[in-house]
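Student: How does the following fold in three dimensions:
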Amino acid sequence: MVTGVHAQPGGARVLRGVDLRVPAGERVALIGPSGAGKTTLLRVIAGLETPAAGSVRAGERLLDGLAPHRRPIAMVFQEPRLMPHLDAAENVAFGLRAKRVGRAERRTRAAALLAEVGLDGLGRRRVGGLSGGERQRVALARALCAEPALLLMDEPLASVDPDRRESLRALIVGLQRARGITTVVVTHDRDEAAEMGERIAVMIEGRIVQCSSPEELLLAPTSPVVARFMGLRNIVSGPVREGTLACAAGSVPASGPDGDARVVVRPEGLVPDPDGTLTLEVREATLLGSALRLRLEGAGLALEARAPVGTAHPPVGERVRFRVDPGAVWRFPEGEGPGPGLPAGAAAEAAASQ
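Tutor: Residues are numbered from 1 along each chain as shown. Next comes the predicted model:
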């Protein structure tokens, strides 16, 4: 869909050779730190921003040079951008007026779409009488009314109350599945990305550095910068010999050949054990919903462990041995880096900001 796209809106280089392929009917979540280029990429695909290089296709159809209204694309923005002088149904069906569809048919189609997004009977209501979540549902219905081949969504839940986000998230996923619309949705929330994306594309400094299933991103990140962005901060470096990585705090199991390596350890894989191979001090214990997080330090390492609430844990300030579950350890591929052509310092800074 997107090949070698570069973009520099306002003269600032934002996209640096983006490649992204979304198979027909698939749902991809696009995540990355602020300034990574996520919105710019959507604007290029939609025709709202002209790329400096590269191409955009919808299936076999080349979209380069086509005006936004000629592309088989609909976009839902962070703010609904509804017209306040029109009611909900008129907002939904606004695009049909340009196609000279009769008023009665417009109303019928708008009513059906409003019912589909959970707003049955609200077609006559003015925008000012709708909640934030209801406005975004109207915006979604308006996008669907265009019957697009591709649906772009730029943080569609950012302006919605937290208690309404879950239902709207489920609605978007359900509608996409039912209609089979190819969809790209931008979000800053990792959990939201995992729920809304069949695949997640991680964008750092204007490049997509990994595009994989949510499970693969968590279990097999391609680089430390991706691991850190996905919330996996337990990264340990050292020489590997006969399946064990040695570090100043002890050792960690590591598969693969002997030699210098870096591994990531998922926090649930660190378990207090008198016979453990890592010695660390418990610096903090924090309750996070249904999990307990232990912040650990020792010999230059800063790690975290997680356990279900109610699990016995060592007191803060105590030095403890931890066992490392081999199944919770992932060794980064040989020669990995922050990403193709990506400045290591910039990538590390972007990951650290999450």
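Student: so which helix or strand takes in Ala139?
Tutor: In this structure, Ala139 sits in helix 132-145 according to DSSP states H and E.
Student: Show me what the helix or strand just after that helix is packed up against.
Tutor: Sequence order places strand 150-154 as the next helix or strand after helix 132-145, per DSSP H and E. With contacts defined as 3 or more Cβ pairs under 8 Å, 6 or more residues apart in numbering; DSSP states H and E, strand 150-154 has these neighbours: helix 38-46, strand 73-76, strand 182-186. C-beta here means a position set from N, CA and C on the backbone, and glycine is covered the same way.
Student: in its sheet, what does strand 150-154 sit against?
Tutor: strand 73-76 (parallel), strand 182-186 (parallel) (DSSP bridges).
Student: And those strands: which comes nearest Pro156?
Tutor: Taking Cβ to Cβ, strand 73-76 is the member of the strands paired with strand 150-154 nearest to Pro156, at 5.0 Å.
Student: With just CA atoms, put the closest one into PDB.
Tutor: The C-alpha coordinates for strand 73-76 follow below in PDB (Å, rounded to 0.1, in the frame of the first residue of the first chain):
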ATOM      1  CA  ILE A  73     -10.600   6.400   1.400                       C
ATOM      2  CA  ALA A  74     -12.500   7.800   4.400                       C
ATOM      3  CA  MET A  75     -10.800   9.300   7.400                       C
ATOM      4  CA  VAL A  76     -12.000   9.700  11.000                       C
END
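Student: Show the average pLDDT along the next helix or strand after it.
Tutor: Downstream of strand 73-76, the first helix or strand assigned by DSSP H and E is helix 88-92. In this model, helix 88-92 has a mean pLDDT of 95.
Student: Report the buried residues of the helix or strand just after helix 88-92.
Tutor: Under the assignment DSSP H and E, the closest C-terminal helix or strand after helix 88-92 is helix 94-98. Neighbour-count burial for helix 94-98 flags Phe94, Gly95, Leu96 (criterion: 16 or more other Cβ atoms under 10 Å).
Student: Can you check the pLDDT for Ser237?
Tutor: pLDDT at Ser237 comes out at 95.
Student: What count of nearby residues applies to it?
Tutor: Using other Cβ atoms under 10 Å, Ser237 has 13 neighbouring residues.
Student: Repeat that for Gly180.
Tutor: The number of residues near Gly180, taken as other Cβ under 10 Å, comes to 11.
Student: before we move on, the earlier item: the strands paired with strand 150-154 into a markdown table, with extra columns for mean pLDDT and mean neighbour count?
Tutor: Listed next are those as a markdown table, based on pLDDT from 0 to 100; neighbours: other Cβ atoms under 10 Å:
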| stretch | mean pLDDT | mean neighbour count |
| --- | --- | --- |
| strand 73-76 | 96 | 24 |
| strand 182-186 | 97 | 25 |
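Student: low-confidence ranges in the stretch 251-354 of the chain?
Tutor: 335-354 (pLDDT under 70).
Student: wait, what's in contact with Leu278?
Tutor: Residues in contact with Leu278 (Cβ atoms under 8 Å, 6 or more residues apart in numbering) are Ala249, Gly250, Ser251, Val252, Leu270, Gly298, Arg321, Phe322, Arg323, Val324.
Student: Now with 10 Å, please.
Tutor: By Cβ atoms under 10 Å, 6 or more residues apart in numbering, the contact list for Leu278 reads 236, 247, 249-252, 265, 270, 296, 298-299, 301, 303, 320-324.
Student: what about it, distance to Gly243?
Tutor: As judged by Cβ to Cβ, to the nearest Å, Leu278 and Gly243 stand 16 Å apart.
Student: which residues of the stretch 101-250 of the chain fall in strands?
Tutor: Using DSSP state E, counting those that start in this stretch, the strands of the stretch 101-250 of the chain run over 150-154, 182-186, 199-204, 207-212, 235-241, 244-247, 250-253.
Student: quick one, which of those is nearest to Arg124?
Tutor: strand 150-154 (26.3 Å).
Student: can you pull the buried residues of that closest one?
Tutor: Leu150, Leu151, Leu152, Met153, Asp154.
Student: contacting residues around the nearest residue in space to the fourth one that is not next to it in sequence?
Tutor: Of all residues beyond its chain neighbours, the one nearest Met153 is Val185 (4.1 Å), with distances taken as Cβ to Cβ, 6 or more residues apart in numbering. When contacts are counted by Cβ under 10 Å, 6+ apart, Val185 touches 27-31, 42, 76, 151-157, 169, 172-173, 176, 192-193, 196-197.
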